[in-house]
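Participant: need a 3D model of the following:
(2 chains)
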Amino acid sequence: MNYIWYFLILISIVFGAVNGTLDEVANSVFKGCELTIRIVLTLLGIMTFWLGIMKIAEKSGIVEFISKLLKPAAKLLFPEIPPNSPVIGDIAMNFSANALGLANAATPIGIKAMEGMQKMNIDKNSASDSMCTLLAMNTAGFQLIPATVIAILAANGYEHPTEIIVPTLIVTSVSFVCAIIIAKLLKRVFPPQTKEETNAV
Amino acid sequence: MQFKEIMDIISLWALPLIILVILTTAIIRKIPVYETFIEGAKDGAKVSLNIIPYLMAIIVAISMLRASGVLESLSFIFSDMLEKLHLPSDILPLAFVRSLSGSAAIGVFSDIVANNDINSYTSKLAAIMMGSSETTFYVLTVYFGAVGIKKYRYALLTGLCADFIGIVMAVLVTMWFFG
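Facilitator: Residues are numbered from 1 along each chain as shown, chains lettered A, B, ... in the order given. The predicted model follows:
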């Protein structure tokens, strides 16, 4: 991450100087700061709301019900997490919210799952295997209906915007499965610094 | 048209229905919903504030990168090569930006749709690419930032590989469906 971050900034400044866009690059620093705070404020709102709702879902047994439903899949994907852990429930809810296109709900729930995994993680600075798997699932962006895209297409006068649903679903399913397979393969290439505790929490 | 109506109903009802089901189940099981909500919501602010430094680092860097114009130049350099792979040059900025910034990707996508025939291969490919992937950098930053993870190990590589596979698949599927 150190090199990637440095490299992004280095390229921007060097290219900006060559390209004559250095003033825009300089301005973009402040725009970036502003954007960050705007995103965090939005996130703060939805985080607070969904963590509240999720607590109710947890206490009423809904999370447990969904995690029981998805237990076989979870066992396969997250062998590091004990199957009765509430984290499995959070992962299941995160996946469901993503599939339904509820990104605003999926992010807080996903973060809650990350917190649960962090408790089991021994090296608190380094990602555990289960975290990487969860992020592989999330970055692949699996969703049943791409609502935003359909809305933009419809707004531009596309007559049958829903005809992109099936091809999109095929693409996203393939990259979703590939992401998980890649994560499982790379796990062997990048061994963790410390062993992950499996019986905690 | 009927299919579209069903889709509209689903997207309209998904969120209210989930909230309703959760609250109703809780009430039936005699759970103090209001107090429980407050108890859970308390952590929201703390977690969000934890994310600020991580998000700041990545958003400022990406914002600088976009302002420098390097992505457009890269698209220009590779355009000939990629046209042969059925990747129109208009699509290229989207392919680059998609993993970096969600709002920028929506901007680029709207641009492509506005500047190309809406029924063209380019528009359809852009729509499918847009709908089938996520903003990898943002997701990694927010999720890892919230719990203070600094070493991503193989998570970034996995996300970028999946994005690449997504682009290749989008081209193949678009050609197959609409080519």
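
Participant: switch to C-alpha atoms for all contacts and neighbour counts from now on
Facilitator: Fine.

Participant: could you measure from B:Thr135 over to chain A?
Facilitator: B:Thr135 sits 7 Å away from chain A, going by CA to the nearest CA, to the nearest Å.

Participant: can you pull out the helices in chain A?
Facilitator: Using DSSP state H, the helices of chain A run over residues A:2-19, A:22-59, A:62-69, A:71-77, A:86-99, A:103-120, A:129-139, A:147-155, A:165-189.

Participant: mind checking the SS state of the most centrally placed residue in chain B?
Facilitator: Centroid check for chain B by CA atoms, centre = their mean gives B:Glu134 as the closest residue, at 3.0 Å. Of the three states, B:Glu134 takes coil under DSSP: H, G, I helix; E, B strand; the rest coil.

Participant: that one against A:Gln143, yeah?
Facilitator: No: in this structure, B:Glu134 is not within contact of A:Gln143 by CA atoms under 8 Å, at 9.9 Å.

Participant: quickly list what's touching both of these two.
Facilitator: Shared contacts of B:Glu134 and A:Gln143, defined by CA atoms under 8 Å, 6 or more residues apart in numbering or on different chains, are absent.

Participant: quick one on the thing from earlier: once you drop chain neighbours, what's closest to the residue nearest to the centre of chain B?
Facilitator: A:Gly141 (4.5 Å; CA to CA, 6 or more residues apart in numbering or on different chains).

Participant: so what's the residue count around the one you found?
Facilitator: Number of residues near A:Gly141 (other CA atoms under 10 Å in any protein chain shown) recorded here: 29.

Participant: how's the chain carved up into domains?
Facilitator: You didn't pick a chain, so chain A it is. A:1-60, A:61-201 (automatic domain parsing).

Participant: ah, no, chain B please
Facilitator: Taken from automatic domain parsing, chain B resolves into B:1-41, B:49-178.

Participant: before we move on, back to that, in contact with the residue nearest to B:Glu134, which residues?
Facilitator: Applying CA under 8 Å, 6+ apart, the residues near A:Gly141 are A:Asn98, A:Thr172, A:Phe176, B:Ser132, B:Ser133, B:Glu134.

Participant: could those go into TSV alongside pLDDT and distance to B:Leu17?
Facilitator: Supplementary listing: the contacts of A:Gly141 in TSV, determined by pLDDT from 0 to 100; distance: CA to CA, whole Å:
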residue	pLDDT	distance to B:Leu17
A:Asn98	87	16
A:Thr172	92	25
A:Phe176	93	27
B:Ser132	86	25
B:Ser133	85	26
B:Glu134	85	25
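
Participant: buried only: go through the residues you listed for me.
Facilitator: Neighbour counting with 16 or more other CA atoms under 10 Å in any protein chain shown marks A:Asn98, A:Thr172, A:Phe176, B:Ser132, B:Ser133, B:Glu134 as buried within those.

Participant: would TSV of the residues you listed with distance to A:Ile152 be doable?
Facilitator: Formatted as TSV, those follow (distance: CA to CA, whole Å):
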residue	distance to A:Ile152
A:Asn98	20
A:Thr172	19
A:Phe176	24
B:Ser132	15
B:Ser133	16
B:Glu134	17
